[in-house]
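Novice: below are the sequence and a predicted model; questions follow.
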Amino acid sequence: MSTYRNLTDSGILSDGSIPCAASLNARLQSEHSHWVLPAGTYTLEEALKVPSGTHLKLDPKAVLRLADGAATRNEHYLIRNADLQGGNTDIHIEGGTFDGNQNGNPRPEGLLDAGYSGASLHFENVSDFSLKNITFTNSEAYYARFTKVRNFHIEQIRFDSDRVRPNNDGIHLGGNCRDGVIRDIRALRPAVTGDDMVALNADDALQRTEVHGMTNGPIENILIEDIHAESCHTFVRILSVTSPIRNIRIRGLHGGCMNCAINADGARRCRVPVFDEANPPFADGVGILEDIHISDLFVWKTSQTRHALIDIHERCWNVKIDNFQRQREHDQSPDSPSLRFNHFILPSAQLDEQTIPGQDLLDPNPPFESFVDQFDSLVVNQTKS
């Protein structure tokens, strides 16, 4: 059985006064694989690069903080896996605070400019990993993003920021992610996260600054549960244009959101389009959502927008939503729908005792909307041919 060693016992200071990423990386690249990081602040002038086999336990009062000016290029992060191209496996990180120091590491001003993506954690080509009991704070864009990962477990993650930034996704899965658990995710103050608490983006605008370094592709076999926020932007985004998102289980969304509890709008409201609305990839709309089961939503709106709490604008097969409850006593947008289907051809669906007939919701036809405060079951049960 491997013993844990102190990652700083070679004289690395824990007062944040001297950048220490190079020294920490040298230790991580040694033959030993099990490490503890004591309480203190560790200023990182470059990304902490985590190799295969690493088991890293941070003291609850240990802070990894990105140094001022450390992130200027797309490949710069606070922490990443060591081998982005060849891949890594068996990485387990637990505890501590990851501080992206957004004030000291701004993004470029343009939406498509080269430069820092704003991501604090980036895992690419990683299998069999876990992240547990970590607080992410002050990220310039995505707090933690993943692409081409499988067999993972993300649990007890907290988000907090002194300044909320646009595109502050929490746990962001890009393309080619499968077989994972995302559980017990909480925002620690209002307006956090400034975008999606959890995002499943099988397709995205890869030319966009925040998305540089990600990929498009299927997302499959993901369990998401126990998500809490007082007033996040959106709880869960499900974004598919041509890549499938299938076998997804989402349960236990609790709290307020400015826009949506479930957003599957095809990124139509994003500032950089993911597809050409004048020439969509399929005659009957965009998206491939298959075998999606969502349950136990106890949610409300915290701003007056027309977004529906459940907003589905993507083609779907075998989608089921159980136990939806809109908490009207907290709701700040009483005129917005609870449920909206739009921009695709809806097969017949069942909303409790109400049969929703099949209908063409493509432009210029109006959407289907419902303003119910609660329902026990919504089923869209067409079978994909």
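Specialist: Looks like it came in fine.
Novice: gap between residue 138 and residue 367?
Specialist: The spacing between residue 138 and residue 367, counted by CB to CB, to the nearest Å, is 38 Å. Where you see a C-beta, it was placed from the backbone N, CA and C, and this is true even at glycine.
Novice: swap in residue 52?
Specialist: As for residue 52, its distance to residue 367 is 48 Å (criterion: CB to CB).
Novice: what's the pLDDT at residue 2?
Specialist: Per-residue confidence (pLDDT) for residue 2: 81.
Novice: how about it, secondary structure?
Specialist: The three-state label given to residue 2 by DSSP: H, G, I helix; E, B strand; the rest coil is coil.
Novice: out of residue 138 and residue 367, which sits in the busier spot?
Specialist: Neighbours were counted for residue 138 and for residue 367 using other CB atoms under 10 Å; residue 138 has more, 25 against 17.
Novice: so the more buried one versus residue 62, what's the distance?
Specialist: From residue 138 across to residue 62, the span is 16 Å (CB to CB).
Novice: strands along the stretch 51-200 of the chain, start to end?
Specialist: For the stretch 51-200 of the chain, applying DSSP state E, counting those that start in this stretch gives strands covering 55-58, 62-66, 79-81, 88-94, 97-99, 121-137, 144-160, 171-173, 177-187, 196-201.
Novice: out of these, which is the most enclosed?
Specialist: Scoring the strands of the stretch 51-200 of the chain by mean neighbour count under mean count of other CB atoms under 10 Å gives strand 171-173 as the most buried, with a mean of 29.
Novice: okay, now the sheet partners of that strand, with direction.
Specialist: With DSSP bridges as the test, strand 171-173 is paired with strand 144-160 (parallel), strand 196-201 (parallel).
Novice: let's have these in TSV, adding distance to residue 353 and mean pLDDT.
Specialist: Formatted as TSV, these follow (distance: least, CB to CB, whole Å; pLDDT from 0 to 100):
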stretch	distance to residue 353	mean pLDDT
strand 144-160	38	99
strand 196-201	31	99
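Novice: looking at these, spot the one closest to residue 257.
Specialist: Proximity to residue 257 (CB to CB) singles out strand 196-201 among those, at 8.5 Å.
Novice: what's the following helix or strand after the closest one?
Specialist: Counting by DSSP states H and E, the next helix or strand C-terminal to strand 196-201 is strand 219-239.
Novice: and the angle for that following strand with strand 177-187?
Specialist: Angle of strand 219-239 versus strand 177-187, following axes from the mean of the first three to the mean of the last three CA atoms, to 10 degrees, is 50 degrees.
Novice: check the offset of the helix or strand that strand 219-239 is followed by from the chain's centre.
Specialist: Using DSSP H and E, the helix or strand that directly follows strand 219-239 along the chain is strand 244-264. Centroid separation for strand 244-264 versus its chain: 11 Å, with CA atoms, centre = their mean, to the nearest Å.
Novice: now for residue 81: which residues touch it?
Specialist: Taking CB atoms under 8 Å, 6 or more residues apart in numbering as the contact definition, residue 81 lies against 49-51, 87-88, 91, 122-126.
Novice: state the distance from it to residue 153.
Specialist: As judged by CB to CB, residue 81 and residue 153 stand 15 Å apart.
Novice: residue 358 too?
Specialist: According to CB to CB, residue 358 and residue 153 sit 40 Å apart.
Novice: show me where pLDDT drops low in the chain?
Specialist: Where the chain drops to pLDDT under 70, the residues are 1, 384-385.
Novice: of all the contacts of residue 81, which two lie farthest apart?
Specialist: Spanning the widest gap among those are 51 and 122, at 14.9 Å by CB to CB.
Novice: so what touches stretch 269-283?
Specialist: Residues from elsewhere that reach stretch 269-283 (CB under 8 Å, 6+ apart): 111-112, 203-205, 207-208, 239, 241-242, 266-268, 286, 315.
Novice: list buried residues within those residues.
Specialist: Using 16 or more other CB atoms under 10 Å as the burial test, the contacts of stretch 269-283 include 111, 203-205, 208, 239, 241-242, 266-267, 286, 315 as buried.
Novice: tell me the one of those residues nearest residue 338?
Specialist: Nearest to residue 338, judged by CB to CB, of the buried ones among the contacts of stretch 269-283 is residue 266 at 19.7 Å.
Novice: might one say that the closest one is in contact with residue 287?
Specialist: Yes. In this structure, residue 266 is within contact of residue 287 by CB atoms under 8 Å, at 6.0 Å.
Novice: need the residues touching each of the two.
Specialist: Counting by CB under 8 Å, 6+ apart, the shared contacts of residue 266 and residue 287 are 240-241, 313-314.
Novice: closest to residue 3 among those residues?
Specialist: Using CB to CB, residue 240 is the member of those that sits closest to residue 3, with 45.3 Å.
Novice: identify the nearest residue to that closest one in space, disregarding sequence-adjacent positions?
Specialist: With sequence-adjacent residues excluded and distances taken as CB to CB, 6 or more residues apart in numbering, residue 240 is closest to residue 287, at 4.2 Å.
Novice: residue 337 and residue 371 touch, don't they?
Specialist: Yes. With contacts counted by CB under 8 Å, residue 337 reaches residue 371, the gap being 5.6 Å.
Novice: pick out whichever of those two has more residues nearby.
Specialist: Neighbours per residue, other CB under 10 Å: of residue 337 and residue 371, the larger number sits with residue 337, 19 against 12.
Novice: against residue 312, how distant is the more buried one?
Specialist: With CB to CB as the criterion, residue 337 and residue 312 are 11 Å apart.
Novice: again, but for residue 368
Specialist: Distance from residue 368 to residue 312, counting by CB to CB: 10 Å.
Novice: give me the common contacts of these two.
Specialist: By CB under 8 Å, 6+ apart, the residues touching both residue 368 and residue 312 are 340-342.
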